[in-house]
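1. I would like the atomic coordinates for the input below:
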Amino acid sequence: MTNKSQSLATHEASRHASLNASWKQLWQLGVRALSLPPTSRAACVLLDAILNANLVPRHELADDVNQIVTTADISGPSVLVDSSLVLMLSLLRIRNNMFPNASQATSNHIIRWVFVRWSPGEL
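-> Okay, here's the model as predicted:
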């Protein structure tokens with residue numbers, strides 16, 4: 001799904017009204033899988049694809065976005081990899097758009113998450 005031209009999420013058919021409930025359910029599954037190490041990377045790719053393709057209305061994601069960002073050390077991605085960094089950047093942008101006055105706090109939460117997950121001494 002990293003190649004946007006080949007991603008099902010960006011395909012025109014993915015926007016069909018009959019799939020709305022399925023995308024919401026996939027979003028919820030991805031949120032639950034985000035903090036589990038074996039599924040975290042795949043969950044990050046899925047959630048980022050859903051966000052970038054606007055498959056679920058932003059107002060329906062607001063609570064999850066807030067929870068992931070503000071409790072990132074618990075509810076956020078459990079691994080620091082390329083897809084988790086991309087997802088956290090997308091969440092940063094979305095949360096800053098939803099709550100412009102909270103941009104400093106949002107940045108602090110994400111930076112804290114990075115330093116909790118990153119151990120330069122461990123390869």
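2. three-state assignment of Gly121?
-> Judged by DSSP: H, G, I helix; E, B strand; the rest coil, the three-state class of Gly121 is coil.
3. what pLDDT does it get?
-> Model confidence at Gly121, given as pLDDT, is 76.
4. so what's the residue count around it?
-> Using other Cβ atoms under 10 Å, Gly121 has 4 neighbouring residues. Any C-beta I mention is one placed from the backbone N, CA and C, and that applies to glycine too.
5. how near is it to Leu47?
-> When Cβ to Cβ, to the nearest Å is the yardstick, Gly121 and Leu47 sit 29 Å from each other.
6. now do Ile111
-> Between Ile111 and Leu47 the distance is 20 Å, computed by Cβ to Cβ.
7. who has more neighbours, these two?
-> Legend: neighbour count by other Cβ under 10 Å for Ile111 and Leu47, higher for Leu47 (29 against 12).
8. residue contacts, the more buried one?
-> Under the criterion of Cβ atoms under 8 Å, 6 or more residues apart in numbering, the neighbours of Leu47 are 27, 30-31, 34, 87.
9. just the ones in helices from those, please.
-> Using DSSP state H, the members of these that fall within helices are 27, 30-31, 87.
10. where does the protein have low pLDDT?
-> 1-19, 122-123 (pLDDT under 70).
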